[in-house]
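>>> Next comes the sequence, and after it the predicted model I'd like to discuss.
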Amino acid sequence: MIPVMLKLSHKRNSRRSRSGQAMVEYLIVFVVMLMVVTVLSVFLYAVRQQSNRTLDLVASEYP
């Protein structure tokens, strides 16, 4: 099964049809990682805001 798959992947002109594939894959991974970092920074901001609110409630003089 594997030798058949390898034969199919190495057809004529396969080098020309695959040019730039690695760059596209790296670009997709970069964009996904950028989105993950953005979402995590938004979560961190939300957690910090919530911790500030909790600290204000704990420090309040209300009985």
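Nice, I can see it.
>>> so where's this protein uncertain?
Where the chain drops to pLDDT under 70, the residues are 1-17, 63.
>>> Now with 90, please.
Applying pLDDT under 90 to the chain flags residues 1-20, 61-63.
>>> can you give me the helices in it?
2-9, 14-17, 21-59 (DSSP state H).
>>> Mean neighbour count for the ones you listed - can I get that in CSV?
In short, each C-beta sits where N, CA and C put it, glycine included. Putting those into CSV (neighbours: other Cβ atoms under 10 Å) gives the following:
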stretch, mean neighbour count
helix 2-9, 8
helix 14-17, 9
helix 21-59, 10
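>>> Could you check how far stretch 22-41 is from the centre of its chain?
5 Å (Cα atoms, centre = their mean, to the nearest Å).
>>> For that stretch, C-alpha coordinates in PDB please.
What follows is stretch 22-41, C-alpha atoms only, in PDB (Å, rounded to 0.1, in the frame of the first residue of the first chain):
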ATOM      1  CA  ALA A  22       6.100  24.500   2.400                       C
ATOM      2  CA  MET A  23       5.800  28.300   2.400                       C
ATOM      3  CA  VAL A  24       2.000  28.100   2.400                       C
ATOM      4  CA  GLU A  25       2.100  25.600   5.300                       C
ATOM      5  CA  TYR A  26       4.500  27.800   7.300                       C
ATOM      6  CA  LEU A  27       2.300  30.800   6.600                       C
ATOM      7  CA  ILE A  28      -0.800  28.900   7.800                       C
ATOM      8  CA  VAL A  29       1.000  27.800  11.000                       C
ATOM      9  CA  PHE A  30       2.200  31.400  11.600                       C
ATOM     10  CA  VAL A  31      -1.300  32.800  11.300                       C
ATOM     11  CA  VAL A  32      -2.800  30.100  13.600                       C
ATOM     12  CA  MET A  33      -0.100  30.800  16.200                       C
ATOM     13  CA  LEU A  34      -0.700  34.500  16.000                       C
ATOM     14  CA  MET A  35      -4.400  33.900  16.600                       C
ATOM     15  CA  VAL A  36      -3.700  31.700  19.500                       C
ATOM     16  CA  VAL A  37      -1.400  34.300  21.100                       C
ATOM     17  CA  THR A  38      -4.100  37.000  20.500                       C
ATOM     18  CA  VAL A  39      -6.800  34.900  22.100                       C
ATOM     19  CA  LEU A  40      -4.500  34.000  25.100                       C
ATOM     20  CA  SER A  41      -3.700  37.700  25.600                       C
END
